[in-house]
Every structure is written in structure tokens, then in C-alpha cells.
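K.L.:
predicted model and sequence below, questions to follow.
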Amino acid sequence: MCIRDSYTMLRCYQLTGKLPWEHAWIMGYGVDEKGEKMSKSKGNVIDPVPILEKYGADAFRFWAASEASLGSDFRCSEKRVEEASRFLTKLWNVARFVSMFPIPKKKPKLMPTDEWILSEINKLIDECMEGYEDFNFYVPSNRVREFVWNLFASHYIEMVKKRAYGEGFNKEEQEAAWYTLHQVLRTVMLLLAPIIPFMTDYIWKNLYGKESIHKELFPRKFKVKDYTKLTETIVEFNSKVWGEKKKRNISLKEPIKMKIPRELKIFRKDLISMHNIV
């Protein structure tokens, strides 16, 4: 907050006896890739119009939200907007995959793998809402990106892909995967709607109703068993299997003999299907 703003705030309070605002967002400077303050005299100012035309408003908005943290300088470059655009492409591809499956008419009995990702989404909701309540868009944008890229797409979808297709699973187990895929995507859309309004609204209208997503409330948490304490073990095991297959120079689809950790036995059926464990 600059001296002029401080003077204005004090003057308003003296005249009215009320604060002109209760919250103020204090951020740093926009800097270039080298960390130098952007200015016309240095010639390092970036024109946003060509970048907006190239990558779109949602990518630009997501970059702004995920880059500018409270009280810190933020880096400006086309490369960083491009990175934001890559995440939106990833999210779009995830939505296309989920859209292949129907939404079950009634909630099926969930498998432990489904409850695991829904307990992770409960954690995500808490973290995102804490950020929104503090007017800090940096928190939800980065936490959702981390969740979608590093957990939902990389691990859960891979764990239930064959189940969603009905390969080696019964109808109720298949519908449990459909239900969970849609619930997670739906929640992610709601959490990202204030940041990327156009893409989320388009996906929402095509999958979940004709009304705009911007008329919806933020998501509620799911009533499931909390398996978040097993997340690190799940990620480590999946990475270990992938690494072993790469080491042996075999396809990820090839069978492999691996011992599933005792604490992951409840996910056994999905893990065997995912890695083709024999």
C-alpha cells in the first residue's frame, strides 16, 4: 500500500468514522524473467494483448492467479503464460476422458481407491476455500494444478482406467469409477470457476447442466473414509513400478511381478489392473 492510499484511508476514516475497506491486497512488482522491475525506460515491458490473443483469457488469468502471491513480486513472460496454457490443455484432456462415461443415476458402493481420491479432494476443498476466504487466488490455482496433474491424472485415473472401461470388474465397480471421476471433475470445475470462468462454464454446461457454473455454490465435502495418510505410499509404489519397468526396458502394459505393500492391500484390485501385476 502506497503513502497516497494510506492518506486516503485516514482521510475517509476522519470524515466518516468508517474504514473505506476492510481488506487490502498488497503485492510486489511485476518483474521480468531476470527478476528486474519492469519499466518502459528499461524496455522490458511485455505487451499483454498479443499474449491474450495467442493463449486466450483463461490462460492469462490462470497465470496471473498462480504467479502473484500475497506480498511478493511476480514474474512476467510469455513462457510462464504458455506453462499456464499447458495446464489448461491437460485439464481439457482430463475432462474429455471423463466425459466418455455416463453419470450413474444413483451413488454406487465406492471402492477404497475411490474413497482415497475423494478424501484428497476434501483436503483440496479445505485448502482452496482458505485461500478464497483470504482473497488469495494463488492458493487455489496452485493447489488445484498440483492435485489434477500429480494425483488425479497421474495416479487415480491410471488406477481406475480399466475399471471405468469394465475390463475385469463388475458393473457396480465400474459405476463407482464413473461416479468418482465425475465428482472429482465437477469439484475441480467449481473450485477453478472464479479463475478460469470460460473453460469451466463450457465444460459444466456440456456435462452437468444448462445453467451457468457461475450460479453454483462452492463444492461441499464428501462423506468418505479418510485415506490421505496413504497418498505418499500410493505415489511411491506406482512410481516404483513405473521405474522398474523403465529399468527393464519393457512397456507399461507388460506384466510384472511386484509385491504390493501391506498398507496398500485395500487397493490391490485396482493396482493389479493398473500395472498388470502377476
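P.N.:
That came through, no problem. Residues are numbered from 1 along each chain as shown.
K.L.:
hang on, residue 253 in a strand?
P.N.:
No. Assigned with DSSP: H, G, I helix; E, B strand; the rest coil, residue 253 falls outside any strand and is coil.
K.L.:
contacts only, for residue 267.
P.N.:
By C-beta atoms under 8 Å, 6 or more residues apart in numbering, residue 267 lies in contact with 112-113, 116, 159, 234, 260. Where C-beta positions appear, they are placed from N, C-alpha and C, glycine not excepted.
K.L.:
quick one: contacts for residue 269?
P.N.:
With C-beta under 8 Å, 6+ apart, residue 269 has these contacts: 111, 169.
K.L.:
tell me the pLDDT at it?
P.N.:
Model confidence at residue 269, expressed as pLDDT, equals 97.
K.L.:
tell me which element it falls in.
P.N.:
helix 268-275 (DSSP states H and E).
K.L.:
the closest residue to residue 126 other than its chain neighbours: neighbour count?
P.N.:
Once flanking residues are discounted, residue 126 sits nearest to residue 221: 7.6 Å by C-beta to C-beta, 6 or more residues apart in numbering. Neighbours of residue 221 under the rule other C-beta atoms under 10 Å: 15.
K.L.:
so residue 221 sits right up against residue 125, yeah?
P.N.:
Yes. The pair residue 221 / residue 125 is scored as a contact, 5.6 Å apart, by C-beta atoms under 8 Å.
K.L.:
before we move on, back to that, buried only: go through the contacts of residue 267 for me.
P.N.:
112-113, 116, 159, 234 (16 or more other C-beta atoms under 10 Å).
K.L.:
which of these lies closest to residue 51?
P.N.:
residue 159 (37.1 Å; C-beta to C-beta).
K.L.:
what segments of the stretch 1-150 of the chain are helices?
P.N.:
Under the criterion DSSP state H, counting those that start in this stretch, the stretch 1-150 of the chain contains helices at 3-16, 48-55, 57-67, 78-98, 112-133, 138-147.
K.L.:
and of the ones you listed, who's closest to residue 272?
P.N.:
Across those, closest to residue 272 is helix 112-133 (C-beta to C-beta), at 11.7 Å.
K.L.:
and the closest one, average pLDDT?
P.N.:
On average, helix 112-133 scores 97.
K.L.:
next, the angle helix 57-67 makes with that helix.
P.N.:
80 degrees (axes from the mean of the first three to the mean of the last three C-alpha atoms, to 10 degrees).
K.L.:
buried sites along helix 112-133?
P.N.:
Buried-residue list, helix 112-133, by 16+ other C-beta under 10 Å: 112-125, 127-129, 131-132.
K.L.:
packing partners for that helix?
P.N.:
helix 138-147, helix 157-165, helix 171-192, helix 231-247 (3 or more C-beta pairs under 8 Å, 6 or more residues apart in numbering; DSSP states H and E).
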